[in-house]
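>>> need coordinates for the below:
(4 chains)
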There are 2 protein chains.
Amino acid sequence: MSTKNKLNTIFDSDLRHLMVVSYFVLGNNAVTNRYIERRYQFPVQAWSTLFSIVMFPGIRAKEITHLFPRPQNTISRAISLLATRGLIRHQTSTTDGREKRLFATPAGEELLDEIRAISVQRQDELFSPLTDAERETFFTLARKIANGPKLLESDAMPSDVATGKERNTA
Amino acid sequence: MSTKNKLNTIFDSDLRHLMVVSYFVLGNNAVTNRYIERRYQFPVQAWSTLFSIVMFPGIRAKEITHLFPRPQNTISRAISLLATRGLIRHQTSTTDGREKRLFATPAGEELLDEIRAISVQRQDELFSPLTDAERETFFTLARKIANGPKLLESDAMPSDVATGKERNTA
DNA sequence: GCTAGAAAGATCCATTTGGATCAATCTTTC
DNA sequence: GAAAGATTGATCCAAATGGATCTTTCTAGC
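A predicted model of the protein is given here:
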């Protein structure tokens, strides 16, 4: 049985909906992450962070973790890397001394434009098997899933599950 | 502007197709990975690997990297972890001494059944915003994308791009 | 049947990761 | 207005990651 047939078998199984999305996103991430890291010498979350800051000048680090679901320290590190490179600057909020408002520098905006253009090309490439109408259908459905209440809070896989270790001693 | 509105703005941008999928997969992965690691004390790729082995008895490590696009050493480590736990066994191929054929033990099959049942529940939960018909439409389109020729080989983001460092010295 | 090259899988090691903790600041309650 | 608790973002550190390399085995060409 060839690898292609094995993939088809998986995509016929009871977990097919989850598997097919995992597969294409894992595959796409491998391509995207390698490219961004090699070409720009920073992790992909630095690009996500820069994107957030250019789109929403004055955004706070905490909010970025909600736009791109990554751990807080990951975003924190991306911010300090971008600041070191002179791509963003931060200024402490006047109303709350804990908050740091983030802004892109001209160099940051310029770099974002470049990466963004390449990403649009990548998007076209990735979705090229679909017609325009199909892309919109896919997008509409994906957006419904993204808005679902159980995306980040699961009953099936609760975040406070007892660990294997604890279960053994119980 | 609230975080919810920011998300909607992103989902209205030129990168919306990529962003919406990234968003829901990153979110789902956070939930799934944390659960599997906490509950079973192994990384999520160990479950992917066990799944592959139960589905396809005698599969080789190399093939698993094509079913779940992860680096080769990641799968190699998952295999040795599963073997240590007594969940799988390997036997060197009679026709090729380099190949190790992988098989699940009864304990491995039992564990897979358990995780698989939970994963099906998680799948239902994640896709609950869609009707059954919408789920099938989404699946059909996602499968087309997964089968696309540019998934793992990109023109927009080629794997042999010159690094930032090299470009500076050129 | 010998040698050069390719392929499978294990291992090495510098770097990254993310849960946990910490310091600073703000809010609430009495 | 003092103390307890919550929130933001930085930092710590043990563990995981993944590119590169190594070993073993197979294959091709002569």
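>>> find the centremost residue of chain A, please.
Compute the mean C-alpha point of chain A, and by Cα atoms, centre = their mean the closest residue is residue A:68, 4.7 Å away.
>>> got the contact list for the nearest residue to that one once chain neighbours are set aside?
Of all residues beyond its chain neighbours, the one nearest residue A:68 is residue A:48 (4.4 Å), with distances taken as Cβ to Cβ, 6 or more residues apart in numbering or on different chains. All C-beta atoms are positioned from the backbone trio N, CA, C, and that covers glycine. For residue A:48, the contact set (Cβ atoms under 8 Å, 6 or more residues apart in numbering or on different chains) comprises A:64, A:67-68, A:70, A:78.
>>> return the nearest residue of chain A with respect to DNA strand C.
residue A:97 (2.7 Å; Cβ to the nearest atom of the strand).
>>> report the separation between that residue and DNA strand D.
Per Cβ to the nearest atom of the strand, to the nearest Å, residue A:97 is found 9 Å from DNA strand D.
>>> host element of that residue?
According to DSSP states H and E, residue A:97 maps onto no helix or strand at all.
>>> re earlier: I'd say the residue nearest to the centre of chain A and residue A:43 touch.
No - counting by Cβ atoms under 8 Å, residue A:68 stays clear of residue A:43, with 11.8 Å between them.
>>> run through the neighbouring helices and strands of the host helix or strand of residue A:8.
Residue A:8 is part of helix A:3-10 when elements are defined by DSSP H and E. Applying 3 or more Cβ pairs under 8 Å, 6 or more residues apart in numbering or on different chains; DSSP states H and E, we find helix A:3-10 packed against helix A:16-40, helix B:44-55, helix B:61-67.
>>> and those helices: which comes nearest DNA strand D?
Evaluated over the helices and strands packed on helix A:3-10, closeness to DNA strand D peaks at helix A:16-40, with 5.4 Å, by Cβ to the nearest atom of the strand.
>>> you'd agree residue A:101 is in a helix?
No - according to DSSP: H, G, I helix; E, B strand; the rest coil, residue A:101 belongs to no helix; its state is strand.
>>> name the nearest residue to it, sequence neighbours excluded.
Ranked by Cβ to Cβ, 6+ apart and with sequence neighbours excluded, the top spatial neighbour of residue A:101 is residue A:58, at 4.5 Å.
>>> what's near enough to touch that neighbour?
For residue A:58, the contact set (Cβ under 8 Å, 6+ apart) comprises A:101-103.
>>> ditto for residue A:63
Contact partners of residue A:63, counting by Cβ under 8 Å, 6+ apart, are A:52, A:56, B:3, B:6.
>>> neighbours around the first one, how many?
Pointing back at residue A:52 there. When neighbours are defined as other Cβ atoms under 10 Å in any protein chain shown, residue A:52 has 23 of them.
>>> and what of the last one?
Counted by other Cβ under 10 Å, the residues lying close to residue B:6 total 18.
>>> same thing with the third one?
Using other Cβ under 10 Å as the criterion, residue B:3 is surrounded by 15 other residues.
>>> wait, it touches residue A:67, no?
Yes - with contacts counted by Cβ under 8 Å, residue B:3 reaches residue A:67, the gap being 7.1 Å.
>>> CA atoms only for stretch A:113-122 - export them in PDB, please.
Only the C-alpha atoms of stretch A:113-122 are listed here, as PDB (Å, rounded to 0.1, in the frame of the first residue of the first chain):
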ATOM      1  CA  ASP A 113       4.900  44.900   3.300                       C
ATOM      2  CA  GLU A 114       7.500  42.700   1.800                       C
ATOM      3  CA  ILE A 115       6.600  39.600   3.800                       C
ATOM      4  CA  ARG A 116       2.900  40.300   3.300                       C
ATOM      5  CA  ALA A 117       3.300  40.300  -0.400                       C
ATOM      6  CA  ILE A 118       5.100  37.000  -0.400                       C
ATOM      7  CA  SER A 119       2.400  35.600   2.000                       C
ATOM      8  CA  VAL A 120      -0.300  36.600  -0.400                       C
ATOM      9  CA  GLN A 121       1.500  34.700  -3.100                       C
ATOM     10  CA  ARG A 122       1.800  31.700  -0.800                       C
END
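>>> next, the buried residues of it.
Buried residues in stretch A:113-122, counted by 16 or more other Cβ atoms under 10 Å in any protein chain shown: A:115-116, A:118-120, A:122.
>>> ok, and the closest non-adjacent residue to residue A:156?
residue B:121 (3.7 Å).
>>> just residue A:33 next, same as before
Residue A:33's closest residue in space is residue A:44 (Cβ to Cβ, 6+ apart), at 4.8 Å.
>>> the one you found contacts residue A:30, correct?
No - contact criterion Cβ under 8 Å: residue A:44 and residue A:30 do not qualify, at 10.9 Å.
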